[in-house]
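Q: only geometry, no sequence info:
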């Protein structure tokens, strides 16, 4: 891969990383933040409806699962940036073949060519 192309992909990865870090931080604030009653200012000791508790729990678990997915993507982005620095970006880490530029434009943090990615994904 040419240095100018690698530089473009590096900038794209840095932009993605910054956006995801912001998303993860916002999700963490939402997941670990206040409950619905605290947000509304109701700090009384009156019990809240069980459905509200269930909704709060569901929303927190859903947010935590989104954070986990985004965290995994951040790890892949970091690995791709390391491959750029090492001069190995755009080469499949599994088979050593060149990853098509079109694939990198869609998934700039991918470490695998299409064939190897299909082998690795469960059906």
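A: Noted; the coordinates are in hand. Because the structure is a prediction, the values reported are computed rather than measured.

Q: what about the helices in this structure?
A: 3-32, 36-40, 50-86, 101-106, 114-120 (DSSP state H).

Q: which secondary element of this protein has the worst mean pLDDT?
A: helix 36-40 (a mean of 50; mean pLDDT, DSSP states H and E).

Q: Flag the shaky bits of the protein, pLDDT-wise.
A: Across the chain, the ranges flagged by pLDDT under 70 are 23-71, 123.

Q: Stretch 75-85: which residues count as buried?
A: 76, 77, 80, 81, 83, 84 (16 or more other C-beta atoms under 10 Å). Where you see a C-beta, it was placed from the backbone N, CA and C, and this is true even at glycine.

Q: My read is that the fourth one contacts residue 12, right?
A: Just to be clear, that refers to residue 81. No: Residue 81 is not in contact with residue 12 according to C-beta atoms under 8 Å; the separation is 10.6 Å.

Q: rewinding a little: any chance of a markdown table for the buried residues of stretch 75-85, columns distance to residue 113?
A: Shown next, in a markdown table, are those (distance: C-beta to C-beta, whole Å):
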| residue | distance to residue 113 |
| --- | --- |
| 76 | 15 |
| 77 | 18 |
| 80 | 14 |
| 81 | 19 |
| 83 | 14 |
| 84 | 17 |
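
Q: And these, which is closest to residue 120?
A: residue 76 (13.0 Å; C-beta to C-beta).

Q: check contacts around the residue nearest to that closest one when sequence neighbours are not counted.
A: Using C-beta to C-beta, 6 or more residues apart in numbering and skipping residues adjacent in sequence, the residue nearest residue 76 is residue 109, 4.2 Å away. Applying C-beta atoms under 8 Å, 6 or more residues apart in numbering to residue 109 gives the contacts 13, 16, 73, 76, 77, 79, 80.

Q: now, which of those sits nearest residue 98?
A: The closest of those, once distances to residue 98 are taken by C-beta to C-beta, is residue 80, at 15.1 Å.

Q: and the closest one, what does it touch?
A: 9, 13, 89, 108, 109, 110, 111.

Q: let's see 6 Å
A: Residues in contact with residue 80 (C-beta atoms under 6 Å, 6 or more residues apart in numbering) are 13, 109.
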